[in-house]
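In: Next comes the sequence, and after it the predicted model I'd like to discuss.
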Amino acid sequence: MSSYVYKTTRRGVLLAKTVSYQVRLCSGNFRHLEVLKDENNVAIVTMKRAPVNSLNTELLTEISSVLTDLEETKCSGMILTSFSDKVFCSGLDIYEIFKSKPSAIGTSFSTLLEVFIKLYGSTFPTVAAITGHAPAGGCVLGLFCEYRIMVQNFKIGLNEDQLGFNAPSPIVKLMINTIGHRNAELALTSGRLFTTSQALQVGLVDEIAKDRTEAFEKADGFLRRFEMIPPLARNFTKQSMRRALLQDVTINREKYTEGFVSMISLHEVQQSIAAYLDNLKNKKRNAH
Ligand SMILES: CC/C=C\C/C=C\C/C=C\CC/C=C/CC(=O)SCCNC(=O)CCNC(=O)[C@H](O)C(C)(C)COP(=O)(O)OP(=O)(O)OC[C@H]1O[C@@H](n2cnc3c(N)ncnc32)[C@H](O)[C@@H]1OP(=O)(O)O
């Protein structure tokens, strides 16, 4: 069933090794992910698409396939993280949605929705160890998890409006569910990126960590909370709280995909993305 190998070890050791990166613990068929499992069947899924973990269809497909495997192997918890100490995930791969054929944009977005359905609706507890910046789709990926621990002094938020397009309605609902209507409206309309401490204040993240090691310790602490809770009861409660959004996205996946593709393909939006990319390049040039 699994096409890749999990390294089994004590969780403490596993976390320590993962944090220090002295040892490569897992081999497998993934290009952009590393998946480790400990003896308690907790998985650490590390995105490693350098330089900034931008979400192209390939990375999204790999995440989706890991999630299927974790369900099938009755995983007892998952920590989602990044190889980088600077960027958790930079959002959708802008180059993949810029000037691409509508079918390619549609595939990418539809795969993101597939990841949402599997991650947001997973039977096992999920926590994001956000070790760096998490703009746009990076924030979205964190929001799909149940709990977010973020390393200090980075930025997180839904800045889609800055790129010239709006966040689709399920994302708006997810943001409202997380930080409340007022905060969500103010944040989304301005495409606001929050610092780690601002994010904690509004509830966009649940805990702050001083570094990667502490983020992992806290993530582990979150998962340990459920050791004494019957998984079936926990899962029923989780599903009942998430059902409305899950059903909406499952039923309307095609409609949301078509809407996203039409919006991204608009000439004005492509112009905004081009300007945004120029800005990004200028920022980099000026920094050197
Ligand atoms: C309930 C929900 C249900 C259903 C809905 C489901 C889905 C939701 C649908 C939609 C919502 C999600 C949509 C999201 C849209 C997006 O995500 S668009 C992407 C937006 N991303 C950004 O705005 C981030 C842009 N990047 C940055 O700000 C910085 O790069 C970053 C802070 C991440 C890192 O800064 P730094 O370390 O200084 O690195 P550089 O800026 O120098 O970048 C390094 C190279 O990486 C390239 N790059 C950066 N970001 C991206 C990206 N997103 N895609 C592709 N490439 C990227 C950058 O160009 C540099 O490349 P170079 O070295 O110049 O070749």
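Out: Everything's here; your move. The structure presented is a predicted model; accordingly, all values stated were derived computationally and were not measured.

In: now the strands: where do they sit in the protein?
Out: 33-37, 42-47, 77-82, 126-130, 134-135, 147-151, 155-157, 193-195, 207-209 (DSSP state E).

In: okay if I get these as CSV plus mean pLDDT and mean neighbour count?
Out: The way it works is simple: take the backbone N, C-alpha and C, and place the C-beta from them, glycine included. Formatted as CSV, these follow (pLDDT from 0 to 100; neighbours: other Cβ atoms under 10 Å):
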stretch, mean pLDDT, mean neighbour count
strand 33-37, 95, 23
strand 42-47, 97, 24
strand 77-82, 98, 26
strand 126-130, 98, 29
strand 134-135, 98, 28
strand 147-151, 98, 26
strand 155-157, 98, 24
strand 193-195, 98, 19
strand 207-209, 98, 18
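
In: Please identify which of the ones you listed is closest to the ligand.
Out: strand 134-135 (4.1 Å; Cβ to the nearest ligand atom).

In: Residue numbers of this structure in contact with the ligand?
Out: 51-52, 54, 86-87, 90-95, 112-113, 116, 133, 135-137, 140, 159-160, 163, 167-168, 170-171, 174, 245, 249, 280, 284 (Cβ under 6 Å from any ligand atom).

In: List the contacts of the closest residue in space to residue 250 that isn't next to it in sequence.
Out: Distance criterion Cβ to Cβ, 6 or more residues apart in numbering; nearest residue to residue 250, sequence neighbours excluded, is residue 117 at 5.8 Å. Counting by Cβ atoms under 8 Å, 6 or more residues apart in numbering, residue 117 makes contact with 246, 249, 250, 253.

In: Can you tell me how far the third one is from residue 133?
Out: Yep, that's residue 250 we're talking about. Between residue 250 and residue 133 the computed distance is 30 Å (Cβ to Cβ, to the nearest Å).

In: same thing with the last one?
Out: Using Cβ to Cβ, one gets 28 Å for the distance from residue 253 to residue 133.

In: Next up, phi/psi of residue 121, please.
Out: phi -100, psi 10 (degrees, to the nearest 10).

In: What about the nearest residue to it once chain neighbours are set aside, how many residues nearby?
Out: Nearest non-adjacent residue to residue 121, counting by Cβ to Cβ, 6+ apart: residue 246, 4.8 Å away. For residue 246, the neighbour count with other Cβ atoms under 10 Å is 15.

In: For the residue nearest to the spatial centre of the chain, give me its contacts.
Out: By Cα atoms, centre = their mean, the chain has its centre lying nearest to residue 141, at 1.9 Å. Contacts for residue 141 were tallied using Cβ under 8 Å, 6+ apart; they are 55, 80, 88, 89, 115, 119, 128, 134.

In: with those residues in mind, which one is nearest to residue 198?
Out: residue 134 (13.1 Å; Cβ to Cβ).

In: If that closest one is in a bridge, with which residues?
Out: residue 156 (DSSP bridges).

In: Roughly how far does it sit from residue 37?
Out: From residue 134 to residue 37 the distance is 24 Å (Cβ to Cβ).
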